[in-house]
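# Any chance you could fold what I've pasted below:
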Amino acid sequence: MSYFVIVDNDTLQFGTTFGMYTVTPTEPCMIKASGIAQILNKKVCVVGDEKKVSIKATYMNATYPTPGTGSITITSLAADQQATFALSTAPLIVIGSQFIALFTPQAPASNPQGPEAAPSPQPGNGKFMNSQTFVTTG
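Alright, predicted model coming up:
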């Protein structure tokens with residue numbers, strides 16, 4: 001069986017809906033790798049690297065159409081995104097299904113006709129994209 005392994009600077013794709021917010025990243029969505037092993041001269045991502053992801057974004061909703069700002073983080077990987085059969089200081093991260101993400105507002109969205117939003121963190125999801133590297137097992 002083959003698995004696509006996530007490596008340094010692979011792309012992340014987040015859903016646009018985080019609870020009641022529509023969220024738009026404002027910077028490239030990539031993950032940095034810390035594994036010792038390399039594939040095609042790129043370090044592999046290991047479990048724990050997802051915790052270092054923090055992507056700046058804007059948000060709004062129907063009630064507060066003037067965007068606010070915040071950041072998207074990854075809170076947990078899906079079980080099928082952790083390759084326990086292959087290690088490089090920790091299990092490798094593979095494409096798998098979807099991870100759980102969290103959007104945390106920092107500057108509130110607003111409504112020109114009313115008060116600012118009382119921002120609160122909202123859950124969402126995302127997935128790994130564009131990996132061209134793979135490992136084969138057994």
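
# which SS state does K51 fall under?
What DSSP: H, G, I helix; E, B strand; the rest coil gives for K51 is helix.

# Just the pLDDT for the residue lying closest to it once chain neighbours are set aside.
Computed as C-beta to C-beta, 6 or more residues apart in numbering, the closest residue to K51 that is not its neighbour in sequence is I74, at 6.9 Å. Any C-beta I mention is one placed from the backbone N, CA and C, and that applies to glycine too. With respect to pLDDT, I74 has a value of 98.

# isn't I74 right next to A101, touching?
Yes - here I74 reaches A101: they are 5.5 Å apart, a contact under C-beta atoms under 8 Å.

# neighbour count winner among the two?
A count of neighbours by other C-beta atoms under 10 Å puts A101 above the other of I74 and A101, at 24 against 21.

# Could you look up the SS state of the more buried one?
Applying three-state DSSP: A101 is strand.

# Can you pull out the low-pLDDT segments for this structure?
Applying pLDDT under 70 to the chain picks out residues 1-2, 115-117, 130-138.

# any idea how far the most centrally placed residue in it is from N61?
In the chain, the C-alpha nearest the mean C-alpha coordinate belongs to I74, at 4.8 Å (C-alpha atoms, centre = their mean). Separation of I74 from N61 (C-beta to C-beta, to the nearest Å): 22 Å.
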